[in-house]
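Colleague: Quick one, what's the 3D model for this:
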Amino acid sequence: MANSIFEATGLLMLNKVTPVIKAFFGCFNLDENYPDNGKFYIAESSETASPVWNDIMNSVSDLVHDLGLTIQDEREDIMQNLLQALVVHFGLEGDEVLENFIENSDFNSDSNANVHDLFWLCCRFNDGHDLQAIEWEGCWHCDKLKLNEFGGYGLYASRNLDIESNSPGFLDSARSIDSAIAAGDLDKASIFVKKIMDTLIESISDKNARNAIAEKIGYVLA
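Modeller: Just a heads-up that it's a prediction; the model follows:
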């Protein structure tokens, strides 16, 4: 029987490690002393189970208790209740995007916790950490050399950009472009290339910057 494994390392770029950062990223082997200078190590290892939402829930529950907060909105999902308590604590009532995220996310206790979601939540719940960005590089591999059991994943998220990619997606795009060119369908090949560029453009948070860069790219390619 083949065993598939995913492992990853990354960096949190922030001012200092605070209780919020510990609560949301402590399960990811957070190192408060390495490499320092505003960058702090996180990892997911095959030696320990991948953090699931239940792990995050327990640490966030401790945070809510330490802050002396009370659960005001008794929802069926415990994690939703805890996050709602933090919403009130940080004065974020009325943040429709955050409320929608909490209401519609699946915090199934056995589901793997997503570092992208944790980064996004920490940016909202700023207790002085001033989290600016996250870098996350991972790979999945197998103890047998089987096809489709190896690959890589990368994430960079900040207040300006939100980009993620993986090697299967890259290969799919490459195959599509190559097939279109081989078939002499350059219009179709152009569409595939444009999809890649559109994804990059859409990763830019600021609408004005996004539009300006798209315009400049159009000028360069003209």
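Colleague: how far is stretch 106-119 from where the chain is centred?
Modeller: For stretch 106-119, the separation from the chain centroid amounts to 10 Å (computed by C-alpha atoms, centre = their mean, to the nearest Å).
Colleague: And for that stretch, what's in contact with it?
Modeller: 10, 12, 24-25, 27-28, 42, 50-57, 77, 79-80, 101, 105, 131, 134, 136, 155, 157, 164 (C-beta atoms under 8 Å, 6 or more residues apart in numbering). Where C-beta positions appear, they are placed from N, C-alpha and C, glycine not excepted.
Colleague: go on, stretch 124-135?
Modeller: Here stretch 124-135 makes contact (C-beta under 8 Å, 6+ apart) with 10-21, 86, 90, 92, 95, 98, 115-116, 119, 122-123, 155-159.
Colleague: same thing but at 6 Å, please
Modeller: 10-15, 18, 20-21, 86, 90, 98, 119, 122-123, 156-158 (C-beta atoms under 6 Å, 6 or more residues apart in numbering).
Colleague: what about the closest residue to residue 77 other than its chain neighbours, how many neighbours?
Modeller: Once flanking residues are discounted, residue 77 sits nearest to residue 107: 5.6 Å by C-beta to C-beta, 6 or more residues apart in numbering. Neighbours of residue 107 under the rule other C-beta atoms under 10 Å: 19.
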